[in-house]
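Asks: below is the sequence, then the predicted model.
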Amino acid sequence: MGSFAPKGHAKLDPQKPAAFAICDRCGFLYNHRDLAWDMQYAGREIRRTGWLVCPACNDLPNPTLRPIVLPADPVPILNPRAERPEPDQTDPSYVPPKIP
């Protein structure tokens, strides 16, 4: 029989046993303490995705997933008045040219 040897990036220490876990993104074997929670933007806050990832797969949250914050609408004025329509300033004798 062969001895137990972990495959991947997990370190085996008989004096200080540690749990193994598999990275949810790349599938390699690591020590559980070396994995971190993956985080992404969810609305205006950063939340866990539920994936445990290794240091190589752990990346910064994608800033393009952040919502666009629009400025507030301007404060309306009291008793607004519309512009009065003015008569056209063109000469009534003007006739547009005919296109052949």
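Replies: It's in.

Asks: measure stretch 26-36 end to end?
Replies: 13 Å (C-alpha to C-alpha, to the nearest Å).

Asks: pLDDT on that stretch, on average?
Replies: The average pLDDT for stretch 26-36 rounds to 92.

Asks: what residues of it count as buried?
Replies: If you call a residue buried by 16 or more other C-beta atoms under 10 Å, then stretch 26-36 has these buried ones: 30, 31, 34, 35. Glycine gets a C-beta too; all of them are placed from N, C-alpha and C.

Asks: list of residues touching it?
Replies: Residues outside stretch 26-36 that contact it (C-beta atoms under 8 Å, 6 or more residues apart in numbering): 6-11, 18-23, 52-58.

Asks: list the contacts for residue 60?
Replies: For residue 60, no contacting residues are found, by C-beta under 8 Å, 6+ apart.

Asks: and it, helix, strand or coil?
Replies: For residue 60, the assignment made with DSSP: H, G, I helix; E, B strand; the rest coil gives coil.

Asks: having no further points to raise, I will conclude here.
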